[in-house]
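Novice: kindly return the folded structure for what I paste below:
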Amino acid sequence: MDPQRDAADAPDESRAPGAAGVPGGSDASGAERDTAGTADASWSPSLPDHRTLRAEMWIVLWLSIAAAALRSILSLLDTLTSGAPISSHTTTLVTTYIPDRPWLDVLYQATRISLALVPVLLVLHLLRRSGEGRRAIGLDLSDWRRDLVRGALIAAVLGGIGLAFYLLAFQLGMNVRIAAVTTTREWWTPILLVASASYNAILEEVIVLAYLIHRTGQLGWRPWAQVGGSALLRGAYHLYQGFGGFLGNLAMGTVFALLYRRWNRVMPFLVAHLLIDATAFLGYYYLGGHVSWLP
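Specialist: Next up, the predicted model:
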């Protein structure tokens with residue numbers, strides 16, 4: 001029902017001085033202003049039904065991480081059926097696409113990162129439309145000091161364990177060689193690497209961690225299913241790295257999901273993921289080929 005249309009269709013006497021809804025005036029512009037104010041005040045956002053909510057969730061996932069997970073599975077199948085050991089393959093996380101024109105490569109990289117973050121904007125829009133907003137997943141600076149401390153601690157512990165597990169998995173033939181960075185060395189390359197790390201952190205933690213757990217909780221999933229679903233999707237997204245990448249990210253995803261359910265804030269995990277990836281990218285950029293223990 002449209003309040004403005006009802007006001008327009010109402011009998012003339014409803015616009016008389018002192019009539020309900022038109023305080024102290026009889027002019028048409030005053031009535032329109034009051035009617036518009038009433039319409040805004042009466043609007044109340046709410047969650048859609050479960051069927052709509054479920055469809056929304058799967059659309060967001062298939063526009064982002066689920067599609068990447070499918071491509072990752074196909075990449076692993078390609079590796080397994082190539083006839084060569086997994087450890088003989090190499091994958092690159094950040095590379096140069098147009099080496100002969102650096103200025104165009106930067107534009108290409110910036111476009112790639114920006115467009116990949118559109119699903120995150122969709123998530124924020126959907127949360128706002130349902131009346132929840134980004135605070136529903138803890139995407140704000142209301143507790144930034146604690147978020148930074150928690151994120152740094154998580155990064156220090158899981159980052160070190162993750163590096164050790166990767167080296168072990170590679171030696172056992174469970175993982176491909178990860179040449180994290182194969183970009184040209186320009187003055188802006190470190191900035192590009194931090195931007196790529198930020199993109200990974202925002203996309204994965206907002207969608208795979210916070211949004212997925214938030215929505216599945218509203219859909220009535222049990223806690224173990226919420227944690228398992230988030231962790232499994234995170235692991236599947238990294239299958240292109242081999243079985244080591246899958247198991248390592250499955251474990252990290254489980255820890256992240258358990259802590260997120262406890263804190264109900266995504267910010268610590270954004271910080272942790274950013275620190276882990278930025279350290280990996282910059283570390284490989286400066287140390288790759290210069291230390292014997294790094295494949």
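Novice: alpha carbons only for contacts and neighbour counts from here, please
Specialist: Noted.
Novice: dump the residue contacts of the most centrally placed residue in the chain.
Specialist: Centroid-nearest residue in the chain: Leu203, 2.6 Å away (criterion: Cα atoms, centre = their mean). Contacts for Leu203 (Cα atoms under 8 Å, 6 or more residues apart in numbering) come out as 116-117, 119-120.
Novice: any idea how far Leu270 is from it?
Specialist: Distance, Leu203 to Leu270, by Cα to Cα, to the nearest Å: 9 Å.
Novice: next one: Trp187
Specialist: Distance, Trp187 to Leu270, by Cα to Cα: 26 Å.
Novice: which of the residues in stretch 211-221 are buried?
Specialist: By 16 or more other Cα atoms under 10 Å, the buried positions in stretch 211-221 come out as 211-216.
Novice: and the helix or strand hosting Arg145, what's buried?
Specialist: Secondary structure from DSSP states H and E places Arg145 in helix 144-171. Neighbour counts over helix 144-171 (16+ other Cα under 10 Å) mark 147-148, 150-152, 154-155, 158-159, 162, 165-167, 169-170 as buried.
Novice: who are the packing partners of that helix?
Specialist: Contact here means 3 or more Cα pairs under 8 Å, 6 or more residues apart in numbering; DSSP states H and E; on that basis helix 144-171 packs against helix 243-263, helix 267-287.
Novice: next SSE after the one helix or strand Trp58 maps to?
Specialist: Using DSSP H and E, Trp58 maps to helix 50-63. The helix or strand immediately downstream of helix 50-63 is helix 65-80, counting by DSSP H and E.
Novice: rewinding a little: list the buried ones in the helix holding Trp58?
Specialist: The neighbour-count check on helix 50-63 (16+ other Cα under 10 Å) flags 53, 57, 60-61 as buried.
Novice: same question for stretch 226-242.
Specialist: Buried residues in stretch 226-242 (16+ other Cα under 10 Å): 226-242.
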